[in-house]
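K.L.:
Fold the following and give me the result.
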Amino acid sequence: MPASDQGVAQSRTRYHLVPRVLCFVTSGDEVLLLKGAPDKKLWPNKYNGVGGHVERGEDFRSAARREIAEETGLAVRDLIFRGAVNIDADQPVGVGLFVFTAVADDKNTIDSGEGLLEWVSTDKIGEYDLVEDLPELLPRVLAMRDHDPPFFGRYAYNAEGKLRMEFN
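P.N.:
Residues are numbered from 1 along each chain as shown. Predicted coordinates:
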């Protein structure tokens, strides 16, 4: 089938997604979190996993591995797809978030312009100023075993601008 038969040109009025990856790198009982730089457009001074946009021509797994390397300098193993979330931002374009975990044997990270990297004990995660979905998402992801099926979720904002999360 040629690319022109994919029907993309006819879908200008359809809902579109921007693909992103979110990665939680672990080492023992710690998870690597990124405190967003104060000048970041998205989530300044909030803790999140590492990740970013999927580039044209990239698959999701390759994007996750690239983002981990760019933002942390780490070479990781056991990169596992954990789930996908459709984020409805109440606009014609939403976000398709593809969530991964990975294991680092070495905890020596590099600095990046994205923010400050910090290894956090999993029992101390609640003490950090997390991005709004992480208090629910991160424990869910970290509790998954290697052969668990992926989860699927949907985020949307209510009339007051509060995030609502649903998981299968």
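K.L.:
Which residues are in contact with the residue lying closest to residue 146 once chain neighbours are set aside?
P.N.:
Leaving aside its chain neighbours, residue 146 sits nearest to residue 80 (6.5 Å; criterion: Cβ to Cβ, 6 or more residues apart in numbering). C-beta coordinates here come from the backbone N, C-alpha and C atoms, glycine included. Applying Cβ atoms under 8 Å, 6 or more residues apart in numbering to residue 80 gives the contacts 100, 101, 102, 146.
K.L.:
Now do the contacts for the residue most central in space within the chain.
P.N.:
In the chain, the centroid-proximal residue (Cα atoms, centre = their mean) is residue 22; its distance is 1.6 Å. Contacts here follow Cβ under 8 Å, 6+ apart; on that basis residue 22 touches 48, 49, 50, 51, 97, 98, 99, 100.
K.L.:
Tell me if I'm right that the third one and residue 36 touch.
P.N.:
Translated: residue 50. No. Contact between residue 50 and residue 36 fails when scored by Cβ atoms under 8 Å: they sit 10.8 Å apart.
K.L.:
any shared contact partners between these two?
P.N.:
Jointly contacting residue 50 and residue 36 under the rule Cβ under 8 Å, 6+ apart are residue 114.
K.L.:
okay, the two: which has more neighbours?
P.N.:
Under the criterion of other Cβ atoms under 10 Å, the comparison of residue 50 against residue 36 puts residue 50 first, with 27 against 19.
K.L.:
List the residues that contact that one.
P.N.:
Going by Cβ under 8 Å, 6+ apart, residue 50 touches 22, 23, 25, 32, 34, 67, 68, 71, 72, 114, 117.
K.L.:
Could you pick out the one among those with the lowest pLDDT?
P.N.:
Model confidence across the contacts of residue 50 bottoms out at residue 114, which has 86.
K.L.:
Could you measure from that residue over to residue 73?
P.N.:
Distance from residue 114 to residue 73, counting by Cβ to Cβ, to the nearest Å: 12 Å.
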